[in-house]
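below is the sequence, then the predicted model.
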Amino acid sequence: QVQLVESGGGLVQAGGSLRLSCAASGRTFSWYQMAWFRQAPGKEREFVARISWSGGSTFYADSVKGRFTISRDSAKNTRYLQMNTLKPEDTALYYCAAGVRATTDYTAYDYWGQGTQVTVSS
């Protein structure tokens, strides 16, 4: 089992920044992909970014490319999502996920955190 706990969400004005954290514990494996997804009310869960456990490979959704950066701190077993130049359309519940496949398909991820809310005001 892998446990994931997100933190760092909040309310920010458009153009501002937030950094989300995802702390992993339990049976973490070096081949896991770690990803961030988001879900706005009434919408499907949407891929945001992913990073290999080693941190050597990253991939972003076009909607966040150039604004968001995914990174890791191996010593802390924590992954981060630095979000800059936030827009009102970034408002959503943000989830951290872990799985063995490098994919943008949320159904392929085995483990999920509880989510952290990000609200961007205009």
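Alright, I've got the coordinates. Numbers count the residues shown, from 1 in each chain.

what about the strands in the chain?
2-7, 10-13, 18-26, 33-39, 46-52, 58-60, 68-73, 78-83, 92-99, 111-112, 116-121 (DSSP state E).

which one, of the ones you listed, ends up nearest to Asp105?
For Asp105, the closest of the strands of the chain is strand 46-52, at 7.8 Å, according to Cβ to Cβ. Yep, even glycine has a C-beta here, placed from its N, CA and C like the rest.

for the closest residue to Trp112 other than its chain neighbours, name its beta-bridge partners.
In this structure, Trp112 finds its nearest non-sequential neighbour in Ala97, 5.1 Å apart by Cβ to Cβ, 6 or more residues apart in numbering. Per DSSP bridges, the residues bridged to Ala97 are Ala35, Trp112.

what does Ala24 give?
In beta-bridge terms (that is, DSSP bridges), Ala24 pairs with Leu4.

numbering from 495 from now on, please.
With 495 as the first residue, the last one maps to Ala518.

shouldn't it be in contact with Tyr574?
No: Ala518 is beyond contact range of Tyr574, at 11.9 Å (criterion: Cβ atoms under 8 Å).

that concludes my questions; thank you for your assistance.
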